[in-house]
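> build me a model from this:
(chains A and B)
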Protein chains: 2
Amino acid sequence: MIGQHADWIGISGKLAASPGREQSKEVHAATVRVIGGSDPDHYPLQKKRHSLEFLREIGHLRPRSRTIGAVTRLRSSAEMGVHRVLHDNEFVRIHTPTLTANDCEGGGETFGVTTAGQHAGGAPEAGFFGRNVNLTVSGQLHLEVYAAAFKRVYSFNPAFRAEPSQTGRHLSEFWMVEAECAFVDSLATLMGVAEELVRATTRHLVDTAGDELGFFARDKEALAALVRRLTDREPYPRVSYTEAIAILQRADATAKFAFTPQWGRALQSEHERYLATHHFGGPVFVTDYPADTKPFYMRPNPDGRTVACMDLLVPGPCELMGGSLRDHDHEALGRRIDGMGFADGSLDWYHSLRRFGSTPHGGFGMGFERYLQMLTGLESVRDIVPFPRYAGRCQH
Amino acid sequence: MIGQHADWIGISGKLAASPGREQSKEVHAATVRVIGGSDPDHYPLQKKRHSLEFLREIGHLRPRSRTIGAVTRLRSSAEMGVHRVLHDNEFVRIHTPTLTANDCEGGGETFGVTTAGQHAGGAPEAGFFGRNVNLTVSGQLHLEVYAAAFKRVYSFNPAFRAEPSQTGRHLSEFWMVEAECAFVDSLATLMGVAEELVRATTRHLVDTAGDELGFFARDKEALAALVRRLTDREPYPRVSYTEAIAILQRADATAKFAFTPQWGRALQSEHERYLATHHFGGPVFVTDYPADTKPFYMRPNPDGRTVACMDLLVPGPCELMGGSLRDHDHEALGRRIDGMGFADGSLDWYHSLRRFGSTPHGGFGMGFERYLQMLTGLESVRDIVPFPRYAGRCQH
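Numbers count the residues shown, from 1 in each chain, chains lettered A, B, ... in the order given. Modelled structure (predicted):
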């Protein structure tokens, strides 16, 4: 089914055993008719190998190319795998909203919404909803509402970021799997759930989309080895941020990082890449980052300096997942919300979840395109989504 | 699992056979501890029966109510059912975009997008994407791109309409299942696919969410009968628009419609309700509407007056699905696009799909909330979505 279609033809005839080496059956055609013709002189997809950049310019025809064809089938199977794995583990699927009055990460590069025909300096959407409304950057806060009622919940939704950078690492519209679990009191339990999602979804792909995985791993032993590693039973290694910094500092003499690894600073992409690709050679959880580098809702550790969080780093896209325990203490969270400048009441509903039957809980998110980027080895995330949107680009 | 939670408690003890009549097992508690307390004097959900309107005012607590709890589980199972049924029938899942430069239905109540912090009369998003961008109203045109490469494709995405009406029939953000099939030359074939989606998804719910279906159908024999009708093997009846008008005209003397049924006019809700609820008493396809009442992309019938389209009407929400064959003729479609005022080139990509290996094809969309509204008998669609958005309302 992978091929560069031009003409569509209809063939009637007899299916028979084939003497050919490369096929077991053949059709003895009685009639052949053209269903939809295509002038080969004008058809933009030729038999030669096209660059992925060129294919992006003909977004309405590129699904007929071998690479985009394989990505598309892999995406479809991967989503099915995610749903199966989470339903099998008693997660309830919640349709968290796209339109939201909240901004989970606390400000930054969000898109706003206006009413129709009002693009050019026209009336803001406040007229329609009675308040300013954004496109969601994460469904986490909304999922926490439902986790308090259903124990295990997840969403599989588009998310949005008005990221101005012009690299192949970011999309303005992307898909995320987010999960939230009540009655989870340890990061280890949460990492077990996250790891099982990656392992079981990837096994589902091995079973249902082996041809597509093979298409991308052809001549790339590292990719094939990564799939084996993701799916085997061995737990993914887990190191604390503090241990990770020590590993990076020891490596700095030879790796010569552009940014010196130092406790208290965020990990840079080069650091994450070193850990996943060189030091561990596969997926690795990094846990317990400094509180100052992370959002307000994460649960503080007893050391007073770090929070109970984890990132799953992998070869390729580096950060595949991020998650944490959420602070379920009504007073402590309230003090932090006030201190962060959210004292306008917009988070009262979120805060009050801690007042009425709060439980220890936690969750994580996985970038769906990043997951597929890891499995395909494709350099640009623009080739992983059917109609990519990024700064300067919204065709069709 | 359906109940109105307040305190969360942890119980350790021994599971034993119960002498009680209403349960087979019981726990002999050794220890009971409160995990998350909740002051009963302040907890908004009390044991008494709350109205759905009241529950909407406490959107972050209402998932703990019996009704919203049951809707949520039904939603989750229904989405899983849709994915299973379509994957089992070799549909490829396509993540059609939310952000689009197109407006499938040709103008109307769409939301626009701006960059962050620019709500109040600030710069339009044209600065970010280089053009005006809307929130999608339908993924159909984008699905047609992928149907031309994969034969059968579908999406399950949020869609948006800046519908100003304040009834319980409309949401600003809702979910749709849309499917598109290449090599389909007859409406009958397309209706067969649509019907199978409804039948098999509903069967999946009977198997996996029987308790929830029963919760809503309790004391409502009409609902239970509808589920039986949707899932039995008998094809859903099919009548043409012309026949439907004749039925309505014969009924008008007793039904006393506010709008007189007349060939050439759109069917009103009261007409659809009469057909589904009274005349057919179950699902019914109405086909071949007058061309003037339908969008430009539908395939004209040989009679020159009607188009090859179908609506599936059902008791409850009335219109559950809408679909059509798409005009795959390059010249004919081009003339219509020009005549409709789309001569600005914004549909060139869509039009050119007919130039390069066009095939007869068609598709349909199903409103996911309407599907659930049909099965639950809930009056307002606002109680079917986790966080409803409509004119004047975007909490959380």
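> which residues sit against the host helix or strand of A:A224?
Using DSSP states H and E, A:A224 sits within helix A:221-231. Contacts of helix A:221-231 with the rest of the structure, by CB atoms under 8 Å, 6 or more residues apart in numbering or on different chains, involve A:198-199, A:202-203, A:206, A:213, A:216-217, A:281-283, A:314-316, A:374-375, A:377. Where C-beta positions appear, they are placed from N, C-alpha and C, glycine not excepted.
> repeat the analysis, applying 10 Å as the threshold.
Residues from elsewhere that reach helix A:221-231 (CB atoms under 10 Å, 6 or more residues apart in numbering or on different chains): A:195, A:198-206, A:210, A:213-214, A:216-218, A:220, A:236, A:276-277, A:280-283, A:314-316, A:374-377.
> take those and keep only those in strands.
Those of the contacts of helix A:221-231 mapping onto strands are A:V314, per DSSP state E.
> now do the lowest-mean-pLDDT helix or strand in chain A: which elements does it pack against?
Comparing helices and strands within chain A by mean pLDDT, DSSP states H and E singles out helix A:126-129 as the least confident, with a mean of 80. Packing partners of helix A:126-129 (3 or more CB pairs under 10 Å, 6 or more residues apart in numbering or on different chains; DSSP states H and E): strand A:111-115.
> so the strand it packs on versus strand B:111-115, what angle?
Strand A:111-115 runs at 140 degrees relative to strand B:111-115, counting by axes from the mean of the first three to the mean of the last three CA atoms, to 10 degrees.
> what's around A:R49, how many residues?
Applying other CB atoms under 10 Å in any protein chain shown, we find 9 residues neighbouring A:R49.
> also A:I9?
A:I9: 12 neighbours (other CB under 10 Å).
> repeat that for A:E272.
By other CB under 10 Å, 20 other residues sit near A:E272.
> in three-state terms, label A:H83 for me.
Under the three-state scheme (DSSP: H, G, I helix; E, B strand; the rest coil), A:H83 adopts helix.
> gap between it and A:H361?
22 Å (CB to CB, to the nearest Å).
> just A:K220 next, same as before
Going from A:K220 to A:H361 by CB to CB gives 39 Å.
> neighbour-wise, which of those two wins?
Applying other CB under 10 Å to A:K220 and A:H361 shows that A:H361 carries more neighbours, namely 25 against 12.
> quick one, what contacts that one?
Neighbours of A:H361 in contact, by CB under 10 Å, 6+ apart: A:143-144, A:147-148, A:151-152, A:180-185, A:190, A:299, A:325-328, A:353, B:36.
> at 7 Å instead, please
A:144, A:147, A:180-184, A:326, A:328 (CB atoms under 7 Å, 6 or more residues apart in numbering or on different chains).
> can you map out the helices along chain A?
A:52-57, A:66-88, A:126-129, A:140-150, A:187-208, A:210-217, A:221-231, A:241-255, A:269-273, A:330-339, A:348-352, A:368-376 (DSSP state H).
> as JSON lines, these with distance to B:L230 would be great.
JSON lines is the format used below for the helices of chain A (distance: least, CB to CB, whole Å):
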{"stretch": "helix A:52-57", "distance to B:L230": "43"}
{"stretch": "helix A:66-88", "distance to B:L230": "22"}
{"stretch": "helix A:126-129", "distance to B:L230": "35"}
{"stretch": "helix A:140-150", "distance to B:L230": "26"}
{"stretch": "helix A:187-208", "distance to B:L230": "29"}
{"stretch": "helix A:210-217", "distance to B:L230": "35"}
{"stretch": "helix A:221-231", "distance to B:L230": "39"}
{"stretch": "helix A:241-255", "distance to B:L230": "54"}
{"stretch": "helix A:269-273", "distance to B:L230": "50"}
{"stretch": "helix A:330-339", "distance to B:L230": "46"}
{"stretch": "helix A:348-352", "distance to B:L230": "37"}
{"stretch": "helix A:368-376", "distance to B:L230": "32"}
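> which stretch in those is the model least sure about?
Lowest mean pLDDT of these: helix A:126-129, a mean of 80.
> which residues touch that helix?
Contact with helix A:126-129 is made by A:115, A:132, B:119, B:162, B:391-394, as judged by CB under 7 Å, 6+ apart.
> hmm, which of those are the buried ones?
A:115, A:132, B:119, B:162, B:391, B:393-394 (16 or more other CB atoms under 10 Å in any protein chain shown).
> mind putting those in a markdown table, distance to A:R265 and pLDDT included?
What follows is those, written out as a markdown table (distance: CB to CB, whole Å; pLDDT from 0 to 100):
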| residue | distance to A:R265 | pLDDT |
| --- | --- | --- |
| A:T115 | 43 | 82 |
| A:N132 | 33 | 87 |
| B:H119 | 34 | 46 |
| B:A162 | 44 | 91 |
| B:A391 | 47 | 91 |
| B:R393 | 43 | 90 |
| B:C394 | 37 | 91 |
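> if we can go back for a sec, let's see which of the contacts of helix A:126-129 end up in strands.
Reading strands off the contacts of helix A:126-129 with DSSP E, I get A:T115.
> which one of the contacts of helix A:126-129 is nearest A:S12?
A:S12 has its nearest neighbour among the contacts of helix A:126-129 in B:A162, at 50.1 Å by CB to CB.
> ok, now which ones touch the nearest residue to A:A17 once chain neighbours are set aside?
Once flanking residues are discounted, A:A17 sits nearest to A:K25: 6.4 Å by CB to CB, 6 or more residues apart in numbering or on different chains. Contact analysis of A:K25 by CB under 7 Å, 6+ apart lists A:15-18.
> get me the contact residues on the stretch 251-396 of chain A for chain B.
A:349, A:353, A:356-359, A:385-387, A:389, A:391-396 (CB under 7 Å from any CB of the partner chain).
> re earlier: which of the buried ones among the contacts of helix A:126-129 sits closest to B:T98?
Distances from B:T98 to the buried ones among the contacts of helix A:126-129, taken by CB to CB, are shortest for B:A162, at 14.5 Å.
> endpoints of stretch A:344-355, how far apart?
19 Å (CA to CA, to the nearest Å).
> what's next to that stretch, contact-wise?
Here stretch A:344-355 makes contact (CB under 7 Å, 6+ apart) with A:101-102, A:141, A:144-145, A:148, A:328-330, A:333-334, A:337, B:60, B:396.
> residue contacts, the residue of chain A most remote from its centre?
In chain A, counting by CA atoms, centre = their mean, A:A30 sits farthest out from the average C-alpha position, at 48.8 Å. The contact partners of A:A30, by CB under 7 Å, 6+ apart, come to A:12-13.
> where's it relative to B:T359, distance?
As judged by CB to CB, A:A30 and B:T359 stand 21 Å apart.
> same question for A:S269.
45 Å.
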